[in-house]
Each structure stands twice: as structure tokens, then as C-alpha cells.
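Colleague: A structural model of the following input is requested.
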Amino acid sequence: MDLLQTVVQDVPESPLMSVRDAIRWAEFRLCQDGNAWIVDAPVTQEGAIMAPDGTHCVRVVTLLRSGRAMTPGVDFEQLSPESVSIHRVSAGDTFTARVAVKPTSDGSLPDDLRHQHFETLRHGATQRLLLLPQPWRNVEQAAYHETLFKAGINDAYRLSVYGQQQGARVQARRFL
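Modeller: Okay, here's the model as predicted:
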């Protein structure tokens, strides 16, 4: 089922235009706070990050100098979402970055990310709609959806920081 149709089922009285705006808001928040959309982007010697078309940079997750990870605060500092200050640059260095991005105002989330974070986006859009000062306003239900939306954002952030591993096993210490 489509995300738009699912949100309309959750809040049937809301107009489609409001539902679309709420979905865009949920996508923006998921990318801004949860690092849900991470891409590889080239970085110039001056530190400008070249994000793909239709996206804005949010933050650098990892910066690589000729394929080796650099340490934030020691090797570089992020001055703004679109630029970094790199310390000790030599002529032969090439820089790339893994960057968390968000869609521009006329862009949208890729379909695979929409599918992966379907429930999170659904709860975020529904929460946003239920807080509008309209006849369908329901603060209690909005609080419920907000809890699930924030949990989904936290899960997305955890996956971006620790990778896509699932079911990692830890060996218990032997009791002496």
C-alpha cells in the first residue's frame, strides 16, 4: 500500500495536500535527525562537499583521505553542512566523504528508503496531521504516533552509526 493512502486511512478527514506536506515534513525530519539517507560525495581540496543533485548536506559521517578514515577534531572540522576544514593537505590527496543528506524542497526520498522507513514516515506524518488545529485534532493519538516516530528516527540513526548489522551476537563471559 502507498504511504499516502496509509496516512489518509489514519486521518481520513485531512485533505490530500496536507497529507503530502506532512509526509514531506516526516521525510525531512527522518533525514535531518536520523541520518537515514547516506551517500558518498567527493570533497575538494578546499573542503567543499559536493552533494548529489536534489539533496542538501546535513553532516559528515566519515571523511576519507585517499581511502583512509580521518579523525574529526584532529584531521578535520565541519564548519557548515556543506564544507569541512581539512588540516594538513598535500597535493596528492583525494578526499571523499560519507555524508548524511536530506531532500531539497522539490526533491524526495528514494523509493528504497521510503520502503525501509515506511512505518516511521507513516507515524511522523500522522502525528503532524493530528496536531493541526482542525476538527480531526487528537493530541493523545498524536503523542502515541510521536513516540513511534521518534523511536524510528533513533533506529535510523543507530543503523547509520553502527551499520546495517542485525542480530549481532555477543558471547557471554564465563562465570568463575
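
Colleague: which other helices and strands contact the lengthiest strand in the chain?
Modeller: Scanning the chain for the strand with the most residues, using DSSP state E, yields strand 55-65. Counting contacts by 3 or more Cβ pairs under 8 Å, 6 or more residues apart in numbering; DSSP states H and E, strand 55-65 is packed against strand 38-43, strand 76-80, strand 83-86, strand 95-103. For glycine as for every other residue, the C-beta is placed from the backbone atoms N, C-alpha and C.

Colleague: could you redo the last one with a cut-off of 10 Å?
Modeller: With contacts defined as 3 or more Cβ pairs under 10 Å, 6 or more residues apart in numbering; DSSP states H and E, the packing partners of strand 55-65 are helix 16-34, strand 38-43, strand 76-80, strand 83-86, strand 95-103.

Colleague: Which positions within the third one qualify as buried?
Modeller: The one in question is strand 76-80. Going by neighbour count (16 or more other Cβ atoms under 10 Å), the buried part of strand 76-80 is F76, Q78.

Colleague: So that it lines up with my notes, have the first residue be 48 from now on.
Modeller: Right, with 48 as the first residue, what we last looked at is strand 123-127.

Colleague: Output the longest helix belonging to the chain.
Modeller: When the chain is parsed with DSSP state H, its longest helix is helix 186-209.

Colleague: Now tell me what touches that one from outside.
Modeller: Applying Cβ atoms under 10 Å, 6 or more residues apart in numbering, the contact partners of helix 186-209 are 57-58, 73, 76-85, 108, 145, 147, 160, 163-179, 185, 212-213, 215.

Colleague: what about dumping the CA coordinates of that helix to PDB?
Modeller: Listed next in PDB are the C-alpha coordinates belonging to helix 186-209 (Å, rounded to 0.1, in the frame of the first residue of the first chain):
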ATOM      1  CA  VAL A 186      -3.500  15.300  20.900                       C
ATOM      2  CA  GLU A 187      -3.500  11.900  22.700                       C
ATOM      3  CA  GLN A 188      -3.200   9.900  19.400                       C
ATOM      4  CA  ALA A 189      -0.500  12.400  18.200                       C
ATOM      5  CA  ALA A 190       1.500  11.700  21.300                       C
ATOM      6  CA  TYR A 191       1.300   8.000  20.600                       C
ATOM      7  CA  HIS A 192       2.400   8.500  17.000                       C
ATOM      8  CA  GLU A 193       5.200  10.900  18.100                       C
ATOM      9  CA  THR A 194       6.600   8.200  20.300                       C
ATOM     10  CA  LEU A 195       6.800   5.700  17.500                       C
ATOM     11  CA  PHE A 196       8.200   8.300  15.100                       C
ATOM     12  CA  LYS A 197      11.000   9.200  17.500                       C
ATOM     13  CA  ALA A 198      11.800   5.500  18.000                       C
ATOM     14  CA  GLY A 199      12.000   5.100  14.200                       C
ATOM     15  CA  ILE A 200      14.400   8.100  14.000                       C
ATOM     16  CA  ASN A 201      16.500   6.600  16.700                       C
ATOM     17  CA  ASP A 202      16.600   3.300  14.900                       C
ATOM     18  CA  ALA A 203      17.700   5.000  11.700                       C
ATOM     19  CA  TYR A 204      20.400   6.900  13.500                       C
ATOM     20  CA  ARG A 205      21.700   3.800  15.200                       C
ATOM     21  CA  LEU A 206      21.800   2.000  11.800                       C
ATOM     22  CA  SER A 207      23.700   4.900  10.200                       C
ATOM     23  CA  VAL A 208      26.300   4.900  13.000                       C
ATOM     24  CA  TYR A 209      26.700   1.200  13.600                       C
END
